[in-house]
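Q: Provided below are the primary sequence and the corresponding predicted coordinates.
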Amino acid sequence: MAVASVSTITSASSNSWQEAAELGFERARKTLRGITGMKVLEEKARVEDGVIVEYLVTLQVIFLLDEEQENGDEA
């Protein structure tokens, strides 16, 4: 039986929301094993003097939890 979990992360880019999402996903891949999907929950932008200076995304990264290994040691 597979059991999944969700990790919510926020990522930023000075170029685009897509790049922010890709950077967030690439970073998640370094930490999480068994990623099966991703959902963009929110897109925001930071604006200074009427210009977008940073694109922000909030992502849900879905991944499978490792299955329990039976120890085999008996007490």
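A: The structure has been received and is ready for your questions. Please read all numbers here as calculations on a predicted model, not as lab measurements.

Q: switch to C-alpha atoms for all contacts and neighbour counts from now on
A: Noted.

Q: What residues sit buried inside the particular helix or strand that has Glu42 in it?
A: Following DSSP states H and E, one finds Glu42 within strand 35-48. Of the residues in strand 35-48, 35, 38, 40, 43, 45 count as buried by neighbour count, 16 or more other C-alpha atoms under 10 Å.

Q: just stretch 60-69 next, same as before
A: Using 16+ other C-alpha under 10 Å as the test for burial, stretch 60-69 gives 60-64.

Q: if I've got this straight, Ala28 is in a strand?
A: No. Under DSSP: H, G, I helix; E, B strand; the rest coil, Ala28 falls outside any strand and is assigned helix.

Q: Count the neighbours of it for me.
A: Using other C-alpha atoms under 10 Å, Ala28 has 16 other residues around it.

Q: What of the one 4 residues further on?
A: A total of 15 residues lie near Leu32 under the criterion other C-alpha under 10 Å.

Q: Please convert the buried residues of stretch 60-69 to JSON lines, extending it with pLDDT.
A: Formatted as JSON lines, the buried residues of stretch 60-69 follow (pLDDT from 0 to 100):
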{"residue": "Gln60", "pLDDT": "97"}
{"residue": "Val61", "pLDDT": "97"}
{"residue": "Ile62", "pLDDT": "96"}
{"residue": "Phe63", "pLDDT": "95"}
{"residue": "Leu64", "pLDDT": "93"}
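
Q: Including secondary structure, could the residues you listed go into TSV?
A: Below are the buried residues of stretch 60-69 laid out as TSV (three-state DSSP):
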residue	secondary structure
Gln60	strand
Val61	strand
Ile62	strand
Phe63	strand
Leu64	strand
